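>>> Any chance you could fold what I've pasted below:
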Amino acid sequence: MSNLLLELEKDPRMAQIHQEVIRSEKISTTNDIFAKKLLSRKSILIDFLNSVLNRAEEKKILDLVYNNNEILGLSANDKSSRLDITCTLASGEKVNLEIQVLNEKAWIERSLVYWSRLYTNNLKRGDKYLNIAAVICIHLLKFNLFDENKNPKPHSIAKLCNLEDGKPITDLIEFHFLELKKFSKKRISSMSRAEKWLAFFSGKLNGEEEKLMKKDKIFDEAFNLRDNFVKDPDEYLAYLKREMELMDYDNALYEAGLDGESRGIEKGKAEGLIQGKAEGLIQGKAESDFNKVMTLVNKKGYTLEAALDLLDIAKERWSEVESILKSIQK
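Modelled structure (predicted):
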(Lines give C-alpha, C1' and ligand atoms only; values in the text may rest on other atoms or scores of the structure.)
Protein backbone atom coordinates (compact mmCIF):
# COMPACT_ATOMS: atom_id res chain seq x y z
CA MET A 1 0.00 0.00 0.00
CA SER A 2 2.91 2.37 0.71
CA ASN A 3 4.03 2.26 -2.94
CA LEU A 4 0.53 3.16 -4.05
CA LEU A 5 0.31 6.09 -1.62
CA LEU A 6 3.72 7.36 -2.70
CA GLU A 7 2.71 7.25 -6.37
CA LEU A 8 -0.56 9.07 -5.63
CA GLU A 9 1.27 11.80 -3.73
CA LYS A 10 3.85 12.13 -6.51
CA ASP A 11 1.48 12.37 -9.49
CA PRO A 12 -1.66 14.57 -9.26
CA ARG A 13 -3.07 13.02 -12.46
CA MET A 14 -2.93 9.56 -10.95
CA ALA A 15 -4.53 10.92 -7.79
CA GLN A 16 -7.31 12.39 -9.93
CA ILE A 17 -8.01 9.03 -11.59
CA HIS A 18 -7.98 7.40 -8.15
CA GLN A 19 -10.46 9.96 -6.79
CA GLU A 20 -12.81 9.25 -9.70
CA VAL A 21 -12.67 5.53 -8.90
CA ILE A 22 -13.48 6.30 -5.25
CA ARG A 23 -16.33 8.64 -6.24
CA SER A 24 -17.96 6.27 -8.73
CA GLU A 25 -17.04 3.10 -6.81
CA LYS A 26 -16.18 1.57 -10.19
CA ILE A 27 -13.15 0.86 -12.32
CA SER A 28 -12.97 0.63 -16.10
CA THR A 29 -13.68 -2.99 -16.99
CA THR A 30 -11.91 -2.57 -20.35
CA ASN A 31 -8.62 -1.60 -18.71
CA ASP A 32 -6.07 -4.22 -19.84
CA ILE A 33 -4.89 -5.01 -16.30
CA PHE A 34 -8.37 -5.75 -15.00
CA ALA A 35 -9.80 -7.34 -18.15
CA LYS A 36 -6.97 -9.86 -18.39
CA LYS A 37 -7.39 -10.80 -14.73
CA LEU A 38 -11.13 -11.21 -15.20
CA LEU A 39 -10.79 -13.36 -18.30
CA SER A 40 -8.06 -15.46 -16.74
CA ARG A 41 -10.89 -17.06 -14.74
CA LYS A 42 -11.68 -20.06 -16.91
CA SER A 43 -15.36 -20.22 -15.89
CA ILE A 44 -15.83 -16.55 -16.83
CA LEU A 45 -13.99 -16.84 -20.15
CA ILE A 46 -15.96 -19.97 -21.13
CA ASP A 47 -19.24 -18.21 -20.34
CA PHE A 48 -18.19 -15.10 -22.28
CA LEU A 49 -17.11 -17.13 -25.33
CA ASN A 50 -20.28 -19.24 -25.35
CA SER A 51 -22.35 -16.06 -25.13
CA VAL A 52 -20.58 -14.40 -28.07
CA LEU A 53 -20.33 -17.47 -30.31
CA ASN A 54 -23.93 -18.51 -29.55
CA ARG A 55 -23.48 -22.07 -30.76
CA ALA A 56 -25.97 -24.91 -30.61
CA GLU A 57 -26.06 -26.71 -27.27
CA GLU A 58 -24.08 -29.72 -28.51
CA LYS A 59 -21.30 -27.40 -29.72
CA LYS A 60 -20.98 -25.31 -26.55
CA ILE A 61 -17.50 -24.82 -25.12
CA LEU A 62 -16.98 -27.04 -22.08
CA ASP A 63 -13.25 -26.67 -21.56
CA LEU A 64 -10.22 -24.76 -22.84
CA VAL A 65 -6.50 -24.34 -22.27
CA TYR A 66 -4.80 -20.94 -22.05
CA ASN A 67 -1.91 -20.46 -24.49
CA ASN A 68 1.21 -18.33 -24.56
CA ASN A 69 0.13 -14.92 -25.84
CA GLU A 70 3.50 -14.04 -27.38
CA ILE A 71 3.65 -14.73 -31.14
CA LEU A 72 7.04 -14.33 -32.77
CA GLY A 73 7.53 -13.41 -36.42
CA LEU A 74 8.47 -16.02 -38.99
CA SER A 75 11.84 -14.34 -39.52
CA ALA A 76 14.15 -11.99 -37.62
CA ASN A 77 12.74 -9.04 -39.58
CA ASP A 78 9.09 -9.81 -38.79
CA LYS A 79 7.25 -7.91 -36.07
CA SER A 80 6.35 -9.97 -33.02
CA SER A 81 2.90 -9.63 -31.46
CA ARG A 82 1.65 -9.82 -27.89
CA LEU A 83 -1.98 -10.88 -27.82
CA ASP A 84 -4.35 -10.22 -24.93
CA ILE A 85 -5.92 -13.66 -24.39
CA THR A 86 -5.33 -16.78 -26.46
CA CYS A 87 -6.68 -20.24 -25.76
CA THR A 88 -7.34 -23.60 -27.38
CA LEU A 89 -10.81 -25.08 -27.05
CA ALA A 90 -11.47 -28.75 -26.37
CA SER A 91 -12.48 -28.97 -30.06
CA GLY A 92 -8.96 -27.90 -31.10
CA GLU A 93 -10.08 -24.47 -32.31
CA LYS A 94 -7.95 -21.52 -31.27
CA VAL A 95 -9.42 -18.28 -29.94
CA ASN A 96 -7.79 -14.85 -29.75
CA LEU A 97 -9.59 -12.27 -27.61
CA GLU A 98 -8.42 -8.65 -27.87
CA ILE A 99 -9.59 -5.69 -25.78
CA GLN A 100 -8.92 -2.32 -27.43
CA VAL A 101 -9.76 1.03 -25.84
CA LEU A 102 -8.19 3.57 -28.21
CA ASN A 103 -9.44 4.05 -31.74
CA GLU A 104 -7.02 2.26 -34.03
CA LYS A 105 -7.77 2.90 -37.70
CA ALA A 106 -5.59 -0.03 -38.77
CA TRP A 107 -7.47 -2.44 -36.55
CA ILE A 108 -8.73 -4.64 -39.40
CA GLU A 109 -5.19 -4.99 -40.75
CA ARG A 110 -3.84 -5.79 -37.29
CA SER A 111 -6.65 -8.33 -36.77
CA LEU A 112 -5.68 -10.14 -39.95
CA VAL A 113 -2.04 -10.29 -38.85
CA TYR A 114 -3.05 -11.79 -35.48
CA TRP A 115 -5.31 -14.33 -37.18
CA SER A 116 -2.67 -15.33 -39.73
CA ARG A 117 0.01 -15.81 -37.07
CA LEU A 118 -2.23 -18.08 -34.99
CA TYR A 119 -3.41 -19.95 -38.07
CA THR A 120 0.07 -20.68 -39.42
CA ASN A 121 1.32 -21.58 -35.93
CA ASN A 122 -1.25 -24.40 -36.03
CA LEU A 123 0.65 -26.05 -38.87
CA LYS A 124 3.75 -28.04 -38.03
CA ARG A 125 6.22 -29.74 -40.37
CA GLY A 126 4.60 -32.87 -41.82
CA ASP A 127 1.06 -31.87 -40.83
CA LYS A 128 -1.75 -32.22 -43.36
CA TYR A 129 -3.60 -29.07 -44.37
CA LEU A 130 -6.91 -30.88 -43.82
CA ASN A 131 -6.13 -31.17 -40.11
CA ILE A 132 -5.40 -27.50 -39.47
CA ALA A 133 -7.55 -25.98 -36.73
CA ALA A 134 -9.86 -22.98 -37.08
CA VAL A 135 -8.92 -19.63 -35.52
CA ILE A 136 -11.64 -17.42 -34.05
CA CYS A 137 -10.81 -13.77 -33.30
CA ILE A 138 -13.01 -11.77 -30.92
CA HIS A 139 -12.39 -8.04 -30.55
CA LEU A 140 -13.94 -6.07 -27.70
CA LEU A 141 -13.70 -2.43 -28.81
CA LYS A 142 -14.43 0.77 -26.91
CA PHE A 143 -14.87 2.67 -30.19
CA ASN A 144 -16.86 2.31 -33.40
CA LEU A 145 -14.93 0.38 -36.01
CA PHE A 146 -17.73 0.38 -38.58
CA ASP A 147 -20.00 3.21 -39.70
CA GLU A 148 -22.85 3.52 -37.21
CA ASN A 149 -25.45 4.34 -39.88
CA LYS A 150 -24.52 1.43 -42.14
CA ASN A 151 -23.80 -1.02 -39.35
CA PRO A 152 -25.66 -0.01 -36.17
CA LYS A 153 -25.50 -3.35 -34.32
CA PRO A 154 -22.79 -3.70 -31.65
CA HIS A 155 -21.94 -7.29 -32.65
CA SER A 156 -20.62 -7.90 -36.18
CA ILE A 157 -19.48 -11.28 -37.49
CA ALA A 158 -17.17 -11.73 -40.46
CA LYS A 159 -16.20 -14.90 -42.33
CA LEU A 160 -14.63 -15.71 -45.70
CA CYS A 161 -17.67 -15.87 -47.99
CA ASN A 162 -18.63 -16.52 -51.59
CA LEU A 163 -19.74 -13.19 -53.07
CA GLU A 164 -22.39 -14.86 -55.22
CA ASP A 165 -24.49 -16.38 -52.44
CA GLY A 166 -22.95 -14.81 -49.33
CA LYS A 167 -22.30 -18.22 -47.76
CA PRO A 168 -19.02 -19.01 -45.94
CA ILE A 169 -16.60 -21.16 -47.91
CA THR A 170 -14.75 -22.25 -44.74
CA ASP A 171 -15.05 -22.24 -40.96
CA LEU A 172 -11.30 -21.78 -40.51
CA ILE A 173 -11.56 -17.98 -40.22
CA GLU A 174 -14.10 -16.18 -38.04
CA PHE A 175 -14.10 -12.65 -36.64
CA HIS A 176 -16.39 -11.11 -34.02
CA PHE A 177 -16.32 -7.35 -33.45
CA LEU A 178 -18.04 -6.08 -30.30
CA GLU A 179 -18.39 -2.28 -30.43
CA LEU A 180 -19.28 -1.07 -26.94
CA LYS A 181 -20.24 2.46 -28.02
CA LYS A 182 -23.09 1.01 -30.09
CA PHE A 183 -24.55 -0.91 -27.17
CA SER A 184 -27.88 0.51 -25.99
CA LYS A 185 -29.22 -0.43 -22.60
CA LYS A 186 -32.55 -2.18 -22.19
CA ARG A 187 -34.27 -4.12 -19.44
CA ILE A 188 -31.99 -6.75 -17.94
CA SER A 189 -34.73 -9.37 -18.31
CA SER A 190 -34.88 -8.78 -22.07
CA MET A 191 -31.12 -8.93 -22.68
CA SER A 192 -29.44 -11.93 -24.25
CA ARG A 193 -26.42 -13.27 -22.38
CA ALA A 194 -24.10 -11.67 -24.93
CA GLU A 195 -25.84 -8.32 -24.37
CA LYS A 196 -25.33 -8.69 -20.63
CA TRP A 197 -21.60 -9.04 -21.22
CA LEU A 198 -21.66 -5.94 -23.42
CA ALA A 199 -23.51 -4.17 -20.62
CA PHE A 200 -20.87 -5.28 -18.12
CA PHE A 201 -17.95 -4.03 -20.22
CA SER A 202 -19.73 -0.85 -21.35
CA GLY A 203 -19.94 0.60 -17.84
CA LYS A 204 -23.48 1.80 -18.56
CA LEU A 205 -25.25 -0.13 -15.79
CA ASN A 206 -26.59 1.56 -12.66
CA GLY A 207 -26.55 0.02 -9.19
CA GLU A 208 -29.99 -1.56 -9.43
CA GLU A 209 -29.23 -3.13 -12.80
CA GLU A 210 -26.01 -4.56 -11.44
CA LYS A 211 -27.91 -6.10 -8.51
CA LEU A 212 -30.25 -7.82 -10.95
CA MET A 213 -27.35 -9.18 -12.98
CA LYS A 214 -25.59 -10.39 -9.81
CA LYS A 215 -28.38 -12.91 -9.26
CA ASP A 216 -26.52 -14.91 -11.91
CA LYS A 217 -23.54 -16.80 -10.44
CA ILE A 218 -21.06 -15.89 -13.21
CA PHE A 219 -21.94 -12.20 -13.26
CA ASP A 220 -21.88 -12.10 -9.46
CA GLU A 221 -18.32 -13.44 -9.65
CA ALA A 222 -17.40 -10.86 -12.32
CA PHE A 223 -18.81 -7.88 -10.39
CA ASN A 224 -17.25 -9.03 -7.12
CA LEU A 225 -13.88 -9.35 -8.84
CA ARG A 226 -14.28 -5.83 -10.19
CA ASP A 227 -15.28 -4.40 -6.80
CA ASN A 228 -12.45 -6.13 -4.95
CA PHE A 229 -9.82 -5.31 -7.56
CA VAL A 230 -8.78 -2.07 -5.85
CA LYS A 231 -7.93 -3.96 -2.65
CA ASP A 232 -4.75 -5.36 -4.20
CA PRO A 233 -2.38 -2.35 -4.14
CA ASP A 234 0.03 -3.77 -6.74
CA GLU A 235 -2.66 -4.65 -9.27
CA TYR A 236 -4.52 -1.40 -8.62
CA LEU A 237 -1.31 0.62 -9.12
CA ALA A 238 -0.74 -1.17 -12.43
CA TYR A 239 -4.35 -0.33 -13.34
CA LEU A 240 -3.82 3.39 -12.58
CA LYS A 241 -0.58 3.45 -14.58
CA ARG A 242 -2.34 1.89 -17.54
CA GLU A 243 -5.11 4.50 -17.32
CA MET A 244 -2.44 7.19 -17.38
CA GLU A 245 -0.76 5.61 -20.42
CA LEU A 246 -4.08 5.72 -22.25
CA MET A 247 -4.55 9.35 -21.21
CA ASP A 248 -1.03 10.27 -22.35
CA TYR A 249 -1.54 8.53 -25.70
CA ASP A 250 -4.79 10.40 -26.27
CA ASN A 251 -3.31 13.74 -25.18
CA ALA A 252 -0.25 13.27 -27.39
CA LEU A 253 -2.41 12.78 -30.45
CA TYR A 254 -4.61 15.72 -29.44
CA GLU A 255 -1.65 18.07 -29.02
CA ALA A 256 -0.35 16.96 -32.39
CA GLY A 257 -3.66 18.11 -33.83
CA LEU A 258 -5.01 14.59 -34.21
CA ASP A 259 -8.24 14.81 -32.25
CA GLY A 260 -11.45 12.84 -32.51
CA GLU A 261 -12.34 11.04 -35.73
CA SER A 262 -9.82 13.13 -37.66
CA ARG A 263 -6.95 11.18 -36.07
CA GLY A 264 -7.28 8.29 -38.44
CA ILE A 265 -7.52 10.63 -41.42
CA GLU A 266 -4.46 12.61 -40.34
CA LYS A 267 -2.50 9.41 -39.72
CA GLY A 268 -3.27 8.42 -43.29
CA LYS A 269 -2.23 11.86 -44.52
CA ALA A 270 1.01 11.61 -42.58
CA GLU A 271 1.95 8.34 -44.26
CA GLY A 272 0.99 9.78 -47.64
CA LEU A 273 3.07 12.88 -47.01
CA ILE A 274 6.09 10.78 -46.11
CA GLN A 275 5.88 8.85 -49.35
CA GLY A 276 5.26 12.02 -51.34
CA LYS A 277 8.22 13.81 -49.80
CA ALA A 278 10.48 10.92 -50.62
CA GLU A 279 9.42 11.36 -54.23
CA GLY A 280 10.04 15.12 -54.13
CA LEU A 281 6.35 16.01 -54.37
CA ILE A 282 5.79 17.84 -51.06
CA GLN A 283 5.72 21.65 -50.93
CA GLY A 284 4.72 24.42 -48.45
CA LYS A 285 1.40 23.31 -47.00
CA ALA A 286 2.37 19.63 -47.06
CA GLU A 287 5.51 20.34 -45.03
CA SER A 288 3.38 22.25 -42.55
CA ASP A 289 1.08 19.25 -42.21
CA PHE A 290 4.05 16.99 -41.76
CA ASN A 291 5.41 19.25 -39.00
CA LYS A 292 2.06 18.88 -37.28
CA VAL A 293 2.68 15.17 -36.99
CA MET A 294 6.24 15.78 -35.81
CA THR A 295 4.89 17.74 -32.84
CA LEU A 296 5.11 14.45 -31.01
CA VAL A 297 8.87 14.66 -31.37
CA ASN A 298 9.43 18.39 -31.01
CA LYS A 299 7.03 19.29 -28.19
CA LYS A 300 6.13 16.08 -26.41
CA GLY A 301 9.68 14.80 -26.21
CA TYR A 302 9.02 11.50 -27.99
CA THR A 303 11.93 9.86 -29.73
CA LEU A 304 11.42 9.67 -33.48
CA GLU A 305 11.12 5.91 -33.25
CA ALA A 306 8.47 6.13 -30.51
CA ALA A 307 6.51 8.76 -32.45
CA LEU A 308 6.56 6.71 -35.66
CA ASP A 309 5.47 3.62 -33.78
CA LEU A 310 2.67 5.60 -32.08
CA LEU A 311 1.40 6.76 -35.47
CA ASP A 312 1.67 3.27 -36.97
CA ILE A 313 3.98 4.37 -39.79
CA ALA A 314 5.48 1.34 -41.55
CA LYS A 315 8.96 0.47 -40.28
CA GLU A 316 10.47 0.29 -43.74
CA ARG A 317 9.71 4.03 -44.14
CA TRP A 318 11.45 5.14 -40.97
CA SER A 319 14.75 6.00 -42.67
CA GLU A 320 12.82 8.15 -45.16
CA VAL A 321 11.11 9.99 -42.31
CA GLU A 322 14.43 10.72 -40.63
CA SER A 323 15.78 12.37 -43.78
CA ILE A 324 12.51 14.34 -44.25
CA LEU A 325 12.61 15.59 -40.68
CA LYS A 326 16.21 16.76 -41.08
CA SER A 327 15.34 18.68 -44.27
CA ILE A 328 12.35 20.35 -42.58
CA GLN A 329 14.35 21.36 -39.51
CA LYS A 330 17.14 23.00 -41.56
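
>>> What values do phi and psi take at the residue nearest the centre of the chain?
When Cα atoms, centre = their mean is applied to the chain, the residue found nearest the centroid is Gln100 (1.9 Å). Recorded main-chain torsions at Gln100 are phi -130, psi 120, according to degrees, to the nearest 10.

>>> which one is it nearest to, not counting chain neighbours?
Excluding the flanking residues, the one nearest Gln100 by Cβ to Cβ, 6 or more residues apart in numbering is Leu141, at 5.2 Å. The C-beta positions use only the backbone N, C-alpha and C, and glycine is treated the same way.

>>> Neighbours of that neighbour, how many?
Using other Cβ atoms under 10 Å as the criterion, Leu141 is surrounded by 24 other residues.

>>> where does the residue nearest to the centre of the chain sit relative to Leu198, distance-wise?
Gln100 sits 15 Å away from Leu198, taking Cβ to Cβ, to the nearest Å as the criterion.

>>> could you list every residue that touches the residue nearest to the centre of the chain?
Taking Cβ atoms under 8 Å, 6 or more residues apart in numbering as the definition of contact, the neighbours of Gln100 are 107, 139-143.

>>> ok so, going back, does the residue nearest to Gln100 touch Phe177 like I think?
Yes - counting by Cβ atoms under 8 Å, Leu141 sits close enough to Phe177 to count as a contact (6.5 Å).

>>> For this protein, give me the ranges with low pLDDT.
Counting by pLDDT under 70, the ranges of the chain that qualify are 1-2, 71-82, 126, 250-330.

>>> try it again with 50
Within the chain, the stretches falling below the threshold (pLDDT under 50) are 72-80, 259-289, 292.

>>> Helices of that one, start to end?
Taking DSSP state H as the test, the helices found in the chain are 2-10, 12-24, 32-39, 42-53, 107-121, 193-202, 207-213, 217-228, 233-255, 262-278, 284-293, 295-298, 304-310, 318-329.

>>> From Glu104, how far out is Pro152?
Relative to Glu104, Pro152 is positioned 21 Å away (criterion: Cβ to Cβ).

>>> With neighbour numbers in mind, choose between the two.
Glu104 (18 against 12).

>>> so that one touches Glu98, yeah?
No - with the criterion set as Cβ under 8 Å, Glu104 and Glu98 do not qualify as a contacting pair; they are 10.2 Å apart.

>>> Enumerate every residue touching the residue lying closest to Leu240 once chain neighbours are set aside.
Sequence neighbours aside, Met14 is the residue nearest to Leu240 in space, at 5.2 Å (criterion: Cβ to Cβ, 6+ apart). Contacts for Met14 (Cβ under 8 Å, 6+ apart) come out as 7-8, 240-241, 244.

>>> check contacts around Ile46.
Shown in contact with Ile46 (Cβ under 8 Å, 6+ apart): 61-64.

>>> out of the residues you listed, which are inside strands?
The strands in this structure, assigned by DSSP state E, contain Leu64 from these.

>>> so which of the contacts of Ile46 comes closest to Gly166?
Nearest to Gly166 among the contacts of Ile46: Ile61, at 26.6 Å, using Cβ to Cβ.

>>> Hmm, the closest one is touching Ala90, no?
Yes - applying Cβ under 8 Å as the test, Ile61 and Ala90 come out as touching, 7.2 Å apart.

>>> Of these two, which one has the most company?
Higher neighbour count among Ile61 and Ala90: Ile61, with 19 against 10, using other Cβ under 10 Å.

>>> Show me the protein divided up by domain.
Described in terms of automatic domain parsing, the domain architecture of the chain consists of the residue ranges 23-229, 256-329.

>>> before we move on, back to that, just the contacts of Met14 now: which is nearest Asp232?
The nearest member of those to Asp232, counting by Cβ to Cβ, is Leu240 at 12.1 Å.
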